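Enquirer: sequence first, predicted model second:
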Amino acid sequence: MRRLVACFACLAITIPALAQDLPSRGRVVPQLAELDQLMQDTMQGNGITAGVLAVAFDDRVVYQRSFGWLDRERTEPLPMDAEMRLASVSKPITASIIRNLVAEGRLALADKAFDVGQPGGGILGIDPFPSLGDPRIGDITIGNLLQHRGGWNRDLVGNHAFRDVQIAADMGVPSPPGRVNKMRWILGQPLEFAPGSQYAYANIGYHALGLVIEEVTGNTYEEEVERLFAGLGHPGAVRVGRTFQADHGPREPWYDQEDIGVAQNVFDPTGPLVRWPYGGWDHEGSSAFGGLIAPGDALLALADHHILFGGSIGGVLSPTASPAFYSAHSGSLPGTDTVVWQRGQGLRVAVLFNHRDRTFAHAWGVDVAAEIDRMVLAGEVAEPPCPADMDADGSLTIFDFLAFQNRFDAGSMEADFDGDGALTIFDFLGFQNEFDLGCG
């Protein structure tokens, strides 16, 4: 996985669209047609077969559309509400749960994360394997873990978070070794720097935070994810993903990374090789740092309430945040390229792709979000009228019903209120629901 590197000047979106557009789902928003073209150009120009773009202004979702295909055979269009792997976009979710526990008085940022026999102890009583690798582990705080200051540096020693086969072999257990055994093995390794003294982006810290959440609450990590998103108005929307395609839900697409060959199956290390997204790592075991799945609109709700990156990651976003405030978090795994983006109390963007650049020259989700941010700041794109205001007069009246009926009769996808790519009675129900919700 790769942390966010926003690059406004190196957008990979200038390749002309191919003759045949990818199929799309979701209500057409004429005022945001540029976003449709942006997604089409980015995906076709870079061989991406499935993508979701969701955009909100403040807390109002104004655009949620999918592009491309659900299946590898390219026979079924991707649904608007597709659930897709988040990779490291899981981290601000974990951080938000931690910050909420701090606000509830159940945890403090200064609490020691590990009880390794140091004076005062710590939260996680996990025995290091084969023995404590560094006495400074006892100094690691919850705040250090949140801010990537725990003492691990993958640039120097490699990424311990993905050494499942090696860890299992060292411990004499089946692969993958599981989250607790992985943490035991990591605690048996030396640190690369004193906790708190440096910044080094690390999956390990968020792996530990997932275990901290379970220890403090007595619930599973996934249950606490559910509690967070239920509070944000999206119950059941976000959960831990599954490694193998047979265990995926009907709205989760094929993850395409066939341009990097095959991998050892961490669930069967001596068996046949597998495509990287389907056994190249333990996806369930990566839950707190990279294993969640979600639809786009749930990520917009997260971005509307919690800071996404930096020293305050997971903290509550102030209702008076300046328009100049910007934060974002990206994610990357074989078959996954994602970003969630926030600007002050205004723009929020979520981009989910089923393919990443194998050369790491571009983060395509970041490219798309950065371009949308630029267009909004430049005044090229603005918040459209609320969906139910079909006659765009700023109020909801009987004339909006007439305007909806006219678009429906004309076959306009502006009337596709359930986003399924067809006009049916359910679109009348969807319009009625939007009308009842109002434009507040």
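Expert: Now that the structure is in, tell me what you want to look at.
Enquirer: check which residues of the helix or strand encompassing residue 371 are buried.
Expert: Residue 371 belongs to helix 364-377 when assigned by DSSP states H and E. Residues 364, 365, 366, 367, 368, 369, 370, 371, 372, 373, 375, 376 are the ones in helix 364-377 that count as buried (16 or more other Cβ atoms under 10 Å). In this view, the C-beta of every residue, glycine as well, is placed from N, C-alpha and C.
Enquirer: and those, which two are furthest apart?
Expert: 364 and 376 (19.0 Å; Cβ to Cβ).
Enquirer: let me have the buried residues of helix 364-377 in CSV, extended by pLDDT.
Expert: Shown next, in CSV, are the buried residues of helix 364-377 (pLDDT from 0 to 100):
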residue, pLDDT
364, 98
365, 98
366, 98
367, 98
368, 98
369, 98
370, 98
371, 98
372, 98
373, 97
375, 97
376, 96
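Enquirer: which strands or helices does whatever helix or strand residue 166 lives in pack on?
Expert: Taking DSSP H and E as the criterion, residue 166 maps to helix 164-171. Here helix 164-171 touches helix 179-187, going by 3 or more Cβ pairs under 8 Å, 6 or more residues apart in numbering; DSSP states H and E.
Enquirer: which parts of the following helix or strand past the helix it packs on are buried?
Expert: Note on helix 179-187: by DSSP H and E, the next helix or strand toward the C-terminus is helix 203-217. Within helix 203-217, the residues that qualify as buried are 203-214, 216-217, counting by 16+ other Cβ under 10 Å.
Enquirer: repeat for stretch 75-95
Expert: Counting neighbours by 16+ other Cβ under 10 Å, the buried set in stretch 75-95 is 77-95.
Enquirer: what does stretch 252-264 give?
Expert: 252, 253, 254, 255, 256, 257, 263, 264.
Enquirer: show residues contacting it.
Expert: With contact meaning Cβ atoms under 8 Å, 6 or more residues apart in numbering, stretch 252-264 is reached by 47-50, 68-72, 78, 82-85, 165, 241, 245, 273-280, 293, 334-336, 354-356, 358.
Enquirer: for PyMOL, what selects the buried ones among these?
Expert: Applying 16+ other Cβ under 10 Å to those, the buried members can be selected in PyMOL as follows:
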select buried, resi 48+49+50+68+69+70+72+78+82+83+84+85+165+241+274+275+276+277+278+279+280+293+334+335+336+354+355+356
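Enquirer: measure the spatially closest residue to residue 116 that is not a sequence neighbour to residue 149 for me?
Expert: Using Cβ to Cβ, 6 or more residues apart in numbering and skipping residues adjacent in sequence, the residue nearest residue 116 is residue 138, 4.8 Å away. Distance of residue 138 to residue 149, computed by Cβ to Cβ, to the nearest Å: 15 Å.
Enquirer: ok, now residue 332?
Expert: In terms of Cβ to Cβ, residue 332 sits 22 Å off from residue 149.
Enquirer: who has more neighbours, the two?
Expert: residue 332 (25 against 22; other Cβ atoms under 10 Å).
Enquirer: assumed that one was part of a strand.
Expert: Yes: under DSSP: H, G, I helix; E, B strand; the rest coil, residue 332 falls within a strand.
Enquirer: what's residue 228 in contact with, if anything?
Expert: Counting by Cβ under 8 Å, 6+ apart, residue 228 has contacts 93, 96, 97, 100, 238.
Enquirer: so which of those belong to helices?
Expert: Among the contacts of residue 228, DSSP state H puts 93, 96, 97, 100 in helices.
Enquirer: looking at those, which is nearest residue 425?
Expert: For those, the nearest to residue 425 is residue 93 (36.3 Å; Cβ to Cβ).
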